[in-house]
Each structure stands twice: as C-alpha cells, then as structure tokens.
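K.L.:
I would like the atomic coordinates for the input below:
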Amino acid sequence: MASPAPVGVVGLGLMGEVYARRLIAAGFAVTGFDVDAVKIGRLETIGAQGGSLADIARGCEPIVLAVFDTDQVEGVVAAARASKETVVIDFRVEQEDSVYPMVAAGADLHDMIRRPSPIVETAED
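P.N.:
Below is the predicted model of the structure:
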C-alpha cells in the first residue's frame with residue numbers, strides 16, 4: 001500500500017511553522033514552501049521536506065495556507081487546480097473585505113462546502 005501524500009504547508013512564518021511542527025509531531029509527512037529560503041531550511045531541520053509551489057501542488061493533499069495576502073492565496077489555488085483536484089485550507093486571519101470571497105457570511109455548512117466560487121468548482125457544481 002502506498003504511503004499517503006504529504007501535507008503541503010505554504011507560508012512558514014509564525015503560524016505556518018507551528019502547523020507544520022504539529023503535523024510532523026502527529027506523524028504526517030510535510031512538504032513546506034516559503035519565499036524565505038531560511039524558513040524552508042529551518043523546517044527541514046525538524047523533519048519536513050522543502051519544496052516549490054509546483055511540488056506542493058502536484059504532490060500534497062491537503063495544502064495548508066498560512067500566507068499574507070489574497071494574491072498569494074490565489075497563486076497557490078491556481079497552481080493546485082492546474083495539477084489536480086485537491087483540498088486547500090486557508091488559515092489566514094484577515095478583515096472580511098480582504099479575504100478571498102468563498103461564501104457569504106452566515107451561510108450554512110452545506111453552502112460552505114458545495115457553493116461554486118472562483119476557488120471551489122467541481123464537475124458536479
């Protein structure tokens with residue numbers, strides 16, 4: 001049986017590094033990327049693998065985002081969608097007007113999961 005794909009972590013600052021450390025401690029393989037090579041090197045010292053955005057888009061499931069702004073989110077989502085259907089989890093904490101629009105405030109769980117948007121589109125939608 002093949003081993004599961006690693007979890008991709010994009011953005012290895014304060015939050016991203018903590019996510020990666022906790023995933024590694026829980027036994028998950030992690031591939032990480034950051035625009036700062038020092039942060040990738042630090043991640044590699046704790047047992048993760050460094051990779052490019054393309055590596056993560058092709059080989060990781062899911063992809064965890066801990067990046068700074070919407071442009072970075074859109075870039076990662078575009079790369080992931082070009083490679084395969086994958087789950088992308090965005091952990092940014094931002095003001096509502098700067099968050100990439102996915103669902104309206106107050107939407108029920110079904111709408112959050114199935115609502116078509118510029119990010120989330122499937123053949124069934």
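
K.L.:
Touching, Gln72 and Gly11? I think so.
P.N.:
Yes: using CB atoms under 8 Å, Gln72 is in contact with Gly11, at 7.4 Å. (Glycine included, C-beta is placed from N, CA and C.)

K.L.:
okay, and the common contacts of the two?
P.N.:
Shared contacts of Gln72 and Gly11 (CB atoms under 8 Å, 6 or more residues apart in numbering): Leu65.

K.L.:
In terms of neighbours, single out the busier of these two.
P.N.:
Counted by other CB atoms under 10 Å, Gln72 and Gly11 do not tie: Gly11 has more neighbours, with 27 against 19.

K.L.:
who's in contact with the more buried one?
P.N.:
33-34, 65-68, 72.

K.L.:
Kindly indicate which of those lies nearest Gly50.
P.N.:
Phe33 (7.1 Å; CB to CB).

K.L.:
That closest one and Gly16 touch, don't they?
P.N.:
No: if you go by CB under 8 Å, Phe33 and Gly16 don't touch, sitting 9.3 Å apart.

K.L.:
neighbour-wise, which of those two wins?
P.N.:
Phe33 (25 against 22).

K.L.:
Distance of that one relative to Gly11?
P.N.:
According to CB to CB, to the nearest Å, Phe33 stands 8 Å off from Gly11.

K.L.:
residue ranges with poor pLDDT in this protein?
P.N.:
1-2, 83-85, 91-125 (pLDDT under 70).

K.L.:
repeat that with 50
P.N.:
Within the chain, the stretches with pLDDT under 50 are 97-100, 103, 109, 112-125.

K.L.:
May I ask you to name the longest helix in it?
P.N.:
helix 70-83 (DSSP state H).

K.L.:
Partner strands of the helix or strand just after that one, with direction?
P.N.:
Counting by DSSP states H and E, the next helix or strand C-terminal to helix 70-83 is strand 88-90. Take DSSP bridges as the rule and strand 88-90 pairs in its sheet with strand 63-65 (parallel).
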